[in-house]
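>>> Quick one, fold the following:
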Amino acid sequence: MPEWPGHLPRNAFKQAIAKGERQVGLWSGLASGIATEIIAGAGFDWIVIDGEHAPNDIPLLLQQLQAMRGGTAEPVFRVPWNDMVTIKRALDVGARTLLIPFVQNVEEALHAVAATRYPPLGIRGVSVTPRANDYGRITGYHKNAHLDTCVLVQVETRAAMKEIESIAAVDGVDGIFIGPSDLAADFGHLANPKHPEVQAALKEAATRIRAAGKAAGMLTGNLDDVEDLFAMGYNFTAVGSDVGLLARTAEQVAARFKK
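Now for the predicted structure:
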């Protein structure tokens with residue numbers, strides 16, 4: 001890919017997952033610039049700013065993108081829905097790696113990709129000087145933005161599992177992320193992703209995604225599961241959340257000194 005003039009570094013996360021390299025991430029739901037600034041420099045490869053199940057809107061996203069600048073991690077914004085308006089606004093403020101929830105089929109995957117591309121490649125609305133192009137300082141941004149835009153789509157149901165190969169074949173889909181909790185619920189095992197039926201589906205999904213030539217992603221809150229997920233074939237894995245780290249560590253400290 002050509003080097004860009006201007007001041008925007010390349011998307012190392014996008015390049016790494018394309019090569020199948022292992023990328024360790026963390027979920028962020030605290031909706032705090034201070035929290036994301038702290039974890040951004042901790043050494044993770046990617047951090048999800050969650051806009052689906054956490055109270056992160058576009059202004060809060062912007063604040064956290066600013067806080068994460070200069071950190072080790074690529075910010076990944078999980079949009080609330082596969083919506084071209086939200087995707088456009090997230091891209092304009094500088095998010096360039098997006099996680100799109102509940103993509104069920106090839107048509108929805110095509111819609112997600114199109115929302116991240118300027119015409120003629122897609123339907124992204126054009127702003128001349130957004131934060132994404134350093135307020136007009138990056139020459140050629142509009143023609144080249146898609147080169148460093150990373151699109152991750154979530155497969156979260158049995159119906160979507162059947163469509164893995166067709167979703168993976170969509171040009172512009174960089175990776176498929178399996179949502180273990182929603183998948184477990186759809187299998188009839190609510191809050192039990194450890195059920196053998198769900199675990200078998202997770203292993204099958206990783207194999208099929210990688211065989212289709214795309215990166216496979218997963219989230220776990222159990223650090224003992226991480227190496228098993230990498231062994232299954234998941235190459236970008238989130239290993240917990242800032243909410244979980246704060247809550248569980250606070251509980252452990254309190255419990256240690258209670259009579």
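>>> For the stretch 151-259 of the chain, just list every one of the helices.
All helices of the stretch 151-259 of the chain, identified by DSSP state H, counting those that start in this stretch, fall at 158-161, 164-168, 180-186, 196-211, 226-232, 242-257.
>>> For the ones you listed, give me JSON lines that also has mean pLDDT, distance to L62 and mean neighbour count.
To be clear about C-beta, it is placed using only N, CA and C from the backbone, and glycine gets the same treatment. Output for the helices of the stretch 151-259 of the chain, formatted as JSON lines (pLDDT from 0 to 100; distance: least, CB to CB, whole Å; neighbours: other CB atoms under 10 Å):
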{"stretch": "helix 158-161", "mean pLDDT": "98", "distance to L62": "31", "mean neighbour count": "17"}
{"stretch": "helix 164-168", "mean pLDDT": "98", "distance to L62": "30", "mean neighbour count": "19"}
{"stretch": "helix 180-186", "mean pLDDT": "98", "distance to L62": "28", "mean neighbour count": "19"}
{"stretch": "helix 196-211", "mean pLDDT": "98", "distance to L62": "32", "mean neighbour count": "17"}
{"stretch": "helix 226-232", "mean pLDDT": "97", "distance to L62": "31", "mean neighbour count": "16"}
{"stretch": "helix 242-257", "mean pLDDT": "97", "distance to L62": "18", "mean neighbour count": "11"}
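>>> out of the ones you listed, nearest to L91?
L91 sits nearest to helix 164-168 of all the helices of the stretch 151-259 of the chain, at 20.9 Å, using CB to CB.
>>> Who are the contact partners of A160?
Contact analysis of A160 by CB atoms under 8 Å, 6 or more residues apart in numbering lists F102, V103, Q104, N105, I167.
>>> ok, back up a step: with respect to M68, which of the helices of the stretch 151-259 of the chain lies nearest?
Closest to M68 of the helices of the stretch 151-259 of the chain, according to CB to CB: helix 242-257, at 12.3 Å.
>>> quick revisit: output the contacts of A160 as JSON lines; include the columns distance to G125.
Converted to JSON lines, the contacts of A160 look like this (distance: CB to CB, whole Å):
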{"residue": "F102", "distance to G125": "23"}
{"residue": "V103", "distance to G125": "21"}
{"residue": "Q104", "distance to G125": "25"}
{"residue": "N105", "distance to G125": "25"}
{"residue": "I167", "distance to G125": "25"}
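>>> ChimeraX command for the buried members of those residues?
Restricted to buried positions by 16 or more other CB atoms under 10 Å, the ChimeraX selection for the contacts of A160 reads:
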select :102,103,104,167
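>>> Now do the residue nearest to A185 when sequence neighbours are not counted: how many residues are near it, please.
Distances taken as CB to CB, 6 or more residues apart in numbering place A191 nearest to A185, at 7.7 Å, with adjacent residues excluded. Residues lying near A191 (other CB atoms under 10 Å) number 9.
>>> pLDDT at A191, what is it?
For A191, the model assigns a pLDDT of 96.
>>> mind listing what's buried in stretch 65-78?
L65, A67, M68, G71, A73, E74, P75, V76, F77, R78.
>>> just the residues you listed now: which is nearest V151?
Closest to V151 out of those is V76 (10.7 Å), distances taken as CB to CB.
>>> That closest one contacts L99, doesn't it?
Yes: counting by CB atoms under 8 Å, V76 touches L99, with 5.5 Å between them.
>>> which residues do the two both contact?
With CB under 8 Å, 6+ apart, V76 and L99 have common neighbours V48, L152.
>>> So which residue is smack in the middle of the protein?
For the chain, the residue nearest the mean C-alpha position is L99 (3.9 Å; CA atoms, centre = their mean).
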